[in-house]
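In: No sequence on hand, only this structure:
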């Protein structure tokens, strides 16, 4: 083996090693390889015919790769900062939405309570009216609406009002009331009353 070939073997081994490390993308390894090649370059410069040009090319490639890795790391850091900022903003928006939902639930509850109080007061007004006057009003109401009020009144008051409503309207109101209470107690229409048993 001649002297040039002997000098080329360490350079070739260094190239293979640097290629493997570059593929791994380890910036610290790139710096280490760059230092190794700087030393080899200095040594080759002192040796006649040592191939300084080849080492310069490898060293330039290593520095270029290091710069690319640094740029990529900076880009990833910038993206991570943007994502972190976005998460902070999103967290604040979610907190605002939850607070708005809580306020809305409170407002709906207040509205429901107020509506229930209004209906209770109106039922009390109907309770204190004369059955004939209340019957005239209930005759004008939709059956569902009238049934709702009658269910809030005492049974004897409801009966007195319903007796003053025309039969077709009274029937429609009764159907709505029966439908609301159908699930509470089964009605056996085919069974005879207990007193009629033989």
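Out: Right, received. Where do you want to start? Keep in mind that this is a model prediction, so the values were computed, not measured. Residues are numbered from 1 along each chain as shown.
In: Buried by neighbour count: which residues of the helix or strand encompassing residue 171 qualify?
Out: Using DSSP states H and E, residue 171 falls within helix 167-181. Neighbour-count burial for helix 167-181 flags 169, 170, 172, 173, 176, 177 (criterion: 16 or more other Cβ atoms under 10 Å). C-betas here are computed from N, CA, C, even on glycine.
In: who does the host helix or strand of residue 112 touch, helix- and strand-wise?
Out: Per DSSP H and E: residue 112 is located in helix 52-128. The criterion is 3 or more Cβ pairs under 8 Å, 6 or more residues apart in numbering; DSSP states H and E, and the helices and strands that helix 52-128 contacts are helix 3-24, helix 27-46, helix 143-150, helix 155-163.
In: Now do that helix against helix 155-163, angle only.
Out: 80 degrees (axes from the mean of the first three to the mean of the last three Cα atoms, to 10 degrees).
In: And the next helix or strand past helix 52-128?
Out: Going down the chain from helix 52-128, the next helix or strand is helix 131-140, by DSSP H and E.
In: Let me know the angle separating that next one from helix 167-181.
Out: 80 degrees.
In: Check which residues of helix 131-140 are buried.
Out: 131, 134, 135, 137, 138, 139.
In: Contact partners for the nearest residue to the second one once chain neighbours are set aside?
Out: Which is residue 134. Of all residues not flanking residue 134 in the chain, residue 161 sits nearest, at 4.6 Å (Cβ to Cβ, 6 or more residues apart in numbering). Residues near residue 161 by Cβ atoms under 8 Å, 6 or more residues apart in numbering: 126, 131, 134, 135, 138, 150, 153.
In: Please apply the same query to residue 172.
Out: Neighbouring residues of residue 172 by Cβ under 8 Å, 6+ apart: residue 143.
In: What spatial separation is found between it and residue 178?
Out: Computed with Cβ to Cβ, to the nearest Å, the distance linking residue 172 and residue 178 is 11 Å.
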